[in-house]
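Undergrad: what would the 3D arrangement of this be:
(one chain, ligands or ions: 1)
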Amino acid sequence: MNLIKANDYNDLSRKAANVISAQVILKPDCVLGLATGSTPIGTYKQLVEWYKKGDIDFSQVTTVNLDEYCGLSPENNQSYRYFMDHNFFLHINIDRKNTNVPNGLADNYEEECTRYDNLIAELGGIDLQLLGIGRNGHIGFNEPDISFEKTTHIVNLDESTIQANARFFSTIDEVPGKAITMGIKSIMQAKKVLLIANGPDKKDIIEKALHGPVTPDVPASILQFHPDLTVVYCFE
Ligand code: F6R
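TA: Below you'll find the predicted structure:
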């Protein structure tokens, strides 16, 4: 495990962007697993800036996002597809057809999960998976008590996650109760994992996840068993 302490959020974003950019430079046709949420926004901004300077080329990159809310269309500004387009994809030279987010409007969610797992397999797996962490230790939408054996699946969101995400919606009732998420098994199969955690409210859970017992009560604790884990954190 490679633990990197950042001085502040900008530093965290730059360090995380450096890890991603090294991956893209070393393997231009790599598969990046991406996350949404507030933490990676600065990382995407930094990558966009370096792209604009001519330092990174995303033309051969493929991306697979971790998760998507059920019932939100790509045009809904709270959907994760919308988030990725507006925070990242629309600002770089990635081929949009190589950007993948689970389909929150699929007619059959079970089939959508299978399609997503098959897609990741056909791509040859994920070279680098970027992750944020929830205050309850969730990664993707894998909430406490999840089975470590799951690949992509449908989840009912925890009350605490609904409350945490309500800040992005006009009312808490608008937060969807279900999501499609890559499972812990999908995440653990990524060749490299980059976990980013920012702010004092992530300190306790990072401590538990990285140094406590490995248990489904803290989904991120499984990352202790990942052979190539980098954690960039700032608790200021
Ligand atoms: C987002 C995701 C979530 C977030 C987590 C932390 O795609 O999978 O697990 O990474 O909820 O969110 P922030 O960064 O907003 O604290």
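
Undergrad: what sits up against stretch 52-61?
TA: Stretch 52-61 has contacts (C-beta atoms under 8 Å, 6 or more residues apart in numbering) with 21, 24-25, 28-32, 47, 50-51, 91-95, 98. All C-beta atoms are positioned from the backbone trio N, CA, C, and that covers glycine.

Undergrad: from these, which ones fall inside helices?
TA: S21, V24, I25, L47, W50, Y51 (DSSP state H).

Undergrad: please determine how far the residue nearest to the fifth one when sequence neighbours are not counted is located from the ligand.
TA: Nearest residue to W50, sequence neighbours excluded (C-beta to C-beta, 6 or more residues apart in numbering): I56, at 5.0 Å. I56 sits at a distance of 22 Å from the ligand (criterion: C-beta to the nearest ligand atom, to the nearest Å).

Undergrad: I56 should be in a helix, yeah?
TA: No. Secondary structure of I56 (DSSP: H, G, I helix; E, B strand; the rest coil): coil, not part of a helix.

Undergrad: closest to the mean position in this structure, which residue would that be?
TA: A35 (2.2 Å; C-alpha atoms, centre = their mean).

Undergrad: what's it in contact with, if anything?
TA: N65, L66, L130, L131, G132, G140.

Undergrad: what pLDDT does P219 get?
TA: Looking at P219, its pLDDT reads 97.

Undergrad: do the same with the one 4 residues further on
TA: We note a pLDDT of 98 for L223 in this prediction.

Undergrad: what's the nearest residue to it if we skip its chain neighbours?
TA: Nearest to L223 is L229, by C-beta to C-beta, 6+ apart, at 5.3 Å.
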